[in-house]
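J.: One predicted model, sequence on top.
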Amino acid sequence: MADPIVIWGAGAIGGTLGAYWARAGHDVLLVDTVKEHVEACRTKGLTIFGPIEEFTVVIPAVTPEELTGTYSRIVLAVKAQATKVALPMLAPHLKPDGFVFSAQNGLNEIEIAEAVGAERTMGCFVNFSADWHEPGRILFGGRSAVVVGEIDGSIRDRTRAMHELCRIFEPDAILTEDIWGYLWGKMSYGAMLFATALNHDSMTANFADPARFPAWLALGREVVAVALARGVTPRGFGQYDPMAFAPGRDVAEAHRAVDWLRDFNAPNAKTHSGIWRDLAVRKRKTEAGAQLNVVPKLAAELGIPTPALNAVGRLIADIEEGRREQSAETFGELMKAIS
Ligand SMILES: NC(=O)C1=CN([C@@H]2O[C@H](COP(=O)(O)OP(=O)(O)OC[C@H]3O[C@@H](n4cnc5c(N)ncnc54)[C@H](OP(=O)(O)O)[C@@H]3O)[C@@H](O)[C@H]2O)C=CC1
Ligand SMILES: CC(C)(CO)C(=O)C(=O)O
């Protein structure tokens, strides 16, 4: 494939992937709505910094309005709530036999497939940690799993090619026939991450508090119940096995999963989730509407109650709308809702 890899949304995740691919000699084109970031990337360069490594690479970059031409590979790395807006913008730039590769949290692949066709949609589970700090500067806070897979479970030449590209960035990247399993597995962890954003404690401090364990247990159980009812067996990463939250499993297994999340996040230079950062630092809406709240809707269709997910969704909305603060008290409201 001769045309550049287009990264649509060159923030924390898209920018990090793009920087690694560009440094490895691949032709990359960043597309982002933040003009100052686009300008920085294409002039002084995009700097990746943090505990993993530091480097700067100048990468061609444009705003969506400046983009011309059609491309075979478009890596979509906008927040889930921006997917709906980004899809009609990128669709005219996708070649008829090209594909959109979702490097996002949530089940964006459903929406992407509806917009550009299932044949032109590829999934990816991303769990590494990154934060956009300022134009041209992204913190790469910690390594974690990257998994590549087609939404129909097939493995094709293009799937292998994307997997190889991801291995440049993450040598342990996995090629899977079960991307939905990984996406639902991340959803179970993601629901807990939303809850960690109800207060100002780090992810590790949240997972370390035994008093908060009932919240992780309830959230994990609800997400996993919905996934299983939809015929998906959620898959994890590292030693986090979402099936620890499956019906009939001993609660000790869930304790082990949460303890592992505590330890996994401890050395991370990104101490808080992207959701916390949206609320506390970027002062903007989170992905709750487009990511977390999808699960209770699917659960309702299946007759599965989701009191913990409902409470987290409601409390995050309260913070977004200025009705509540991120605080111990707000987390306490979640605890009340599940007691
Ligand atoms: N950051 C992380 O550590 C992780 C993130 N993820 C997931 O990866 C996805 C991307 O997150 P992240 O990289 O953190 O997000 P960022 O906000 O850092 O990056 C997204 C970039 O896309 C821009 N953008 C928004 N709308 C459009 C559009 N229509 N066209 C082009 N660019 C646009 C954003 O601008 P603006 O800021 O103005 O909106 C921003 O610069 C999310 O689903 C997230 O949950 C998954 C694992 C870890
Ligand atoms: C915490 C992290 C990086 C996953 O480890 C994440 O997915 C997020 O910030 O939303």
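T.: Done, it's in. Ligands and ions are numbered 1, 2, ... in the order given.
J.: hang on, Leu261 packs against Gln239?
T.: No. Using Cβ atoms under 8 Å as the test, Leu261 is too far from Gln239 to be in contact (9.2 Å). All C-beta spots, glycine's among them, are computed from the backbone N, C-alpha and C.
J.: how many neighbours does Glu321 have?
T.: Glu321: 9 surrounding residues under other Cβ atoms under 10 Å.
J.: Apologies, that question was intended for Leu193.
T.: Other residues close to Leu193 by other Cβ under 10 Å number 22.
J.: what does Val232 give?
T.: Count around Val232 with other Cβ under 10 Å applied: 18.
J.: do the same with the one 10 residues further on
T.: Around Pro242 sit 26 other residues, with neighbours defined as other Cβ under 10 Å.
J.: switch to numbering from 10
T.: Sure thing, new numbering starts at 10, so read that last one as Pro251.
J.: contacting residues for it?
T.: For Pro251, the contact set (Cβ atoms under 8 Å, 6 or more residues apart in numbering) comprises 193-194, 197-198, 229, 232-233, 236, 243-245, 266.
J.: Read off the pLDDT value for it.
T.: pLDDT for Pro251: 98.
J.: And the longest strand anywhere in the chain, what does it pack against?
T.: Looking across the chain with DSSP state E, the single longest strand is strand 103-112. Counting contacts by 3 or more Cβ pairs under 8 Å, 6 or more residues apart in numbering; DSSP states H and E, strand 103-112 is packed against helix 21-32, strand 80-85, helix 117-125, strand 130-135.
J.: Show me which of Leu270 and Gln248 is the more surrounded one.
T.: Between Leu270 and Gln248, Leu270 has the larger neighbour count (other Cβ under 10 Å), namely 23 against 13.
J.: Chain neighbours aside, what residue packs nearest to that one?
T.: Phe216 (4.9 Å; Cβ to Cβ, 6 or more residues apart in numbering).
J.: His46 versus the single nearest residue of the chain relative to ligand 2, what's the distance?
T.: Nearest to ligand 2, among the residues of the chain, is Gly283, at 3.3 Å (Cβ to the nearest ligand atom). Using Cβ to Cβ, to the nearest Å, we find Gly283 at a distance of 17 Å from His46.
J.: where in the chain is pLDDT low?
T.: 10 (pLDDT under 70).
J.: domain assignment for it?
T.: 14-186, 190-347 (automatic domain parsing).
J.: got the contact list for the residue of the stretch 210-348 of the chain found nearest ligand 1?
T.: Distances between the stretch 210-348 of the chain and ligand 1 by Cβ to the nearest ligand atom are smallest at Gly283, namely 4.4 Å. With contacts defined as Cβ under 8 Å, 6+ apart, Gly283 is in contact with 21, 88, 114, 140, 202, 296.
J.: swap the cut-off to 10 Å and go again
T.: 20-22, 88, 114, 138-141, 199, 202, 206, 291, 295-296 (Cβ atoms under 10 Å, 6 or more residues apart in numbering).
J.: ok, now His142?
T.: 21, 56, 58-59, 148, 290.
J.: And what about it, helix, strand or coil?
T.: strand (DSSP: H, G, I helix; E, B strand; the rest coil).
J.: burial count for the nearest residue to Ile188 once chain neighbours are set aside?
T.: In space, and not counting its chain neighbours, Ile188 is closest to Gly158: 3.1 Å by Cβ to Cβ, 6+ apart. Gly158: 26 surrounding residues under other Cβ under 10 Å.
J.: for Thr315, phi and psi?
T.: Torsion angles at Thr315 (phi, psi; degrees, to the nearest 10) stand at phi -130, psi 60.
J.: Pretty sure it sits against Ala234.
T.: Yes. If you go by Cβ atoms under 10 Å, Thr315 and Ala234 touch, sitting 8.4 Å apart.
J.: do you know how far Asp166 is from His172?
T.: From Asp166 to His172 the distance is 11 Å (Cβ to Cβ).
J.: neighbour-wise, which of those two wins?
T.: His172 (19 against 7).
J.: Which positions in whichever strand or helix holds that one come out as buried?
T.: Using DSSP states H and E, His172 maps to helix 166-178. By 16 or more other Cβ atoms under 10 Å, the buried positions in helix 166-178 come out as 167-168, 171-172, 174-175, 178.
J.: In terms of secondary structure, what does the helix or strand just after it contact?
T.: Downstream of helix 166-178, the first helix or strand assigned by DSSP H and E is strand 183-184. Contact analysis of strand 183-184 by 3 or more Cβ pairs under 10 Å, 6 or more residues apart in numbering; DSSP states H and E lists strand 155-159, helix 166-178 as its packing neighbours.
J.: ok, residues contacting strand 183-184?
T.: By Cβ under 10 Å, 6+ apart, strand 183-184 touches 134, 154-159, 164, 168-169, 171-173, 175-176, 191, 244, 246.
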